[in-house]
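Enquirer: Need the 3D shape of this:
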Amino acid sequence: MSGPRKRKQRAPEGPPPPPVVQRLWIRYTKTGRLRFMSHRDYTRVFERAVRRAGLPIAFSAGFTPHPKISWVGAAPTGVASEAEYLEIGLAAELDPTDVSSRLDAALPPDLDIVEVVPASAKSLADRVDASRWRFTFPGMDQSLLREAAEMLVTGESAVVERLTQNGRKQVDVGSAFAHAEVGGAPGCAIMTAIVRQSIPVVRPDDVYAALRDVAGLVPPQLPQALRLAQGSLDDTGRLLDPLAVDSPAIASSPAS
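Expert: A predicted model of the protein is given here:
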């Protein structure tokens, strides 16, 4: 009696895809109405833009090849950002300036390419562990927001609950806050803050919930959030530019 027949392993038809010969890091903005798109929709938009721009994007191997595009620290749906990042792998080397202009022309308004540079390290994600945010509170007195921000920064923790598809999740907003500064104009308070990208990541709604729970702050109008920058924090609390080879500070001080 013969033994069990070995199953023949399937292999994708045709030659393997060309290898990645160039990796590029890209910074882009997400503003206007497009900030309400889901991350899945953004993925589709960028893949179509890459095809329209005629970029020689590299693909993964296997039965379902995917373009070599990886996202870093994407802002949540509905939140505007001036500092979104991704990495693409190309099967042919191109001038980053040319890639920037071609890709920017292929993208819709409110998605704008800011900078394209050759990858200078193994992982872009390793250079991003914090964000600088600007939170605008229309109709809010600056002194009230300043007092609430100080309580949030100086407190040991400020845990809030976030409702997700898998149930309730606890988020420690207080431990993620590295710095906060309050300014603005009469009738409008603005908090600029550096927030560490902990796990789970602190979202703007979590910040509003923490300000409410810690200091009883209830904004008279809906606040607005804008991500100004992403990067890594050095020992002095400065946020470093992830695209720079020598990682210079994005700003001269933590809150500027």
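Enquirer: Give me the nearest residue to R168, chain neighbours excluded.
Expert: E161 (5.0 Å; C-beta to C-beta, 6 or more residues apart in numbering). Where C-beta positions appear, they are placed from N, C-alpha and C, glycine not excepted.
Enquirer: What strand or helix carries that neighbour?
Expert: Using DSSP states H and E, E161 falls within strand 159-164.
Enquirer: Name every strand pairing with whichever helix or strand comes after that strand and say which way it goes.
Expert: The first helix or strand that comes after strand 159-164 along the chain, using DSSP H and E, is strand 167-172. With DSSP bridges as the test, strand 167-172 is paired with strand 159-164 (antiparallel).
Enquirer: Can you give the distance of the partner strand from its chain's centre?
Expert: 20 Å (C-alpha atoms, centre = their mean, to the nearest Å).
Enquirer: Please export the C-alpha coordinates of it as PDB.
Expert: As requested, the backbone C-alpha atoms of strand 159-164 are provided in PDB (Å, rounded to 0.1, in the frame of the first residue of the first chain):
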ATOM      1  CA  VAL A 159      -6.700  57.500  31.400                       C
ATOM      2  CA  VAL A 160      -9.700  57.800  29.100                       C
ATOM      3  CA  GLU A 161     -11.900  55.100  27.500                       C
ATOM      4  CA  ARG A 162     -12.300  54.900  23.700                       C
ATOM      5  CA  LEU A 163     -15.100  52.900  22.200                       C
ATOM      6  CA  THR A 164     -13.800  50.600  19.400                       C
END
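Enquirer: for that strand, which positions count as buried?
Expert: V160 (16 or more other C-beta atoms under 10 Å).
Enquirer: The stretch 151-256 of the chain: strands as residue ranges?
Expert: Assigned by DSSP state E, counting those that start in this stretch, the stretch 151-256 of the chain shows strands spanning 159-164, 167-172, 177-185, 188-196, 224-233, 239-240.
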